[in-house]
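Chemist: what's the 3D shape of this:
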Amino acid sequence: MTATLTFVVIIIVIALIFDYSNGFHDAANSIATVVSTRVLSPGVAVAWAAFFNFVAFAIYGTRVAKAIGDGVNMTLIAPDDRLYVLLAALLGAVAWNLITWYLGLPTSSSHALLGGYAGAGIAAYGGVAGLLKMEVWTKVLIFIVLSPLIGMTLGFILMIAVYWIFRNWSPHRVDRLFRSGQLLSAAAFSLGHGGNDAQKTMGIITAVLAAGGLLAYGPNGSLPAIPLWVVLSAHAAIGLGTLSGGWRIVRTMGTRITKLKPVGGFCAETGAALTLAYVTLTGVPVSTTHTITGAIVGVGATRRLSAVKWGVAGRIVWAWLLTIPLAAFISAISFLVCRFVGRLF
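Modeler: Predicted structure coming up:
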């Protein structure tokens, strides 16, 4: 039991490291627009975003965490392999985060974790049938497409509405108003980012506690109730990660897709924040990266389609499409290695 408890603690630490890397990798999602428009300095922007990442626990609950934890039916996997599956899922997700961070690609930490969880689970179980809970995966796969489209549509509509409402204002007055407005929109998006993304780590940590025998599975292998200390530690880790920033990806998100002014930054963040609020409250795990990127594209398209650098956007889309299968592959290999090494000791 002592050895199992030690293993559980190690995996939880790795899960929090993943959560930290999630905040680090996704810092650009929260701050790229507000930094690129020079409303806030990078240092102040990350502190602003990190604070709202943390306090999101008081608003959004744990519906997304339950969906993540229930994505794989762990009761079908041999008890001795369950902790290896969760460890391998995290290793695959962290590896993919680091690869895409180095390449400057704003991919989805969420999808990396889901892909890693599925890949390691399939490697352990030896198949797919009955293992992956399709009610969870169907939502995830649908919203890979819908979340950027919704963000893009809302960003486009908000930008058109602002152009019409403030059509008689001077550009200087509009700029001054929305420089202040971006503080609110950045805060709203950071709440959604923390609310959706921190919950994914909560789901994994709770699954680790159940796999280690410290919590009991619910009916049909469902995830047990999530302890408060897990909620707080996950939000703290993602907030600290955001404080560290991810400057390679900030450059891509803030300047390479389209050039933003404060009014555009406000509309992009607000459109993405509204999307995240809906999906988080309804328990759908989505990519905050996909959502804000879609919103930025929608804002840029209101000027002219050529204002969006479609080559950069296309490269990002390819990275999105590859995230789940490649993270799954890395995690499957990691599971086989972890189990082999574990059985030697």
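Chemist: and Glu269, how far is that from Trp318?
Modeler: As judged by CB to CB, to the nearest Å, Glu269 and Trp318 stand 25 Å apart. C-beta coordinates here come from the backbone N, C-alpha and C atoms, glycine included.
Chemist: go on, Gly264?
Modeler: Distance from Gly264 to Trp318, by CB to CB: 25 Å.
Chemist: one step back: so Glu269 and Trp318 - more neighbours on which side?
Modeler: Glu269 (32 against 11; other CB atoms under 10 Å).
Chemist: helix or strand for that one, which one?
Modeler: helix 262-281 (DSSP states H and E).
Chemist: please, where are all the strands along the stretch 1-150 of the chain?
Modeler: With DSSP state E, counting those that start in this stretch as the criterion, the stretch 1-150 of the chain has no strands.
Chemist: where in it is pLDDT low?
Modeler: Where the stretch 1-150 of the chain drops to pLDDT under 70, the residues are 1-3, 25-30, 32-33, 36-37, 105-106.
Chemist: mind listing what's buried along stretch 177-185?
Modeler: Leu177, Phe178, Arg179, Gly181, Gln182, Ser185 (16 or more other CB atoms under 10 Å).
Chemist: correction: stretch 125-132
Modeler: Tyr125, Leu131, Leu132.
Chemist: now do it: distance to the chain's middle.
Modeler: Distance of stretch 125-132 from the chain centroid (CA atoms, centre = their mean, to the nearest Å) equals 25 Å.
Chemist: gap between the two ends of that stretch?
Modeler: End-to-end distance for stretch 125-132: 11 Å, by CA to CA, to the nearest Å.
Chemist: now do the contacts for the residue lying closest to Ser334 once chain neighbours are set aside.
Modeler: Distances taken as CB to CB, 6 or more residues apart in numbering put Ala88 closest to Ser334, at 3.9 Å, once the chain neighbours are dropped. Neighbouring residues of Ala88 by CB atoms under 8 Å, 6 or more residues apart in numbering: Gly116, Gly119, Ala120, Ala123, Ser331, Ala332, Ser334, Phe335, Cys338.
Chemist: hmm, back to that, export the buried residues of stretch 125-132 as TSV, with columns for distance to Ile59.
Modeler: Listed next are the buried residues of stretch 125-132 as TSV, based on distance: CB to CB, whole Å:
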residue	distance to Ile59
Tyr125	36
Leu131	33
Leu132	30
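Chemist: and of the residues you listed, the nearest to Thr302?
Modeler: Nearest to Thr302 among those, counting by CB to CB, is Leu132 at 39.5 Å.
Chemist: let me see the contact set for that closest one.
Modeler: Per CB under 8 Å, 6+ apart, neighbours of Leu132: Gly71, Val72, Asn73, Ala118, Gly121, Ile122.
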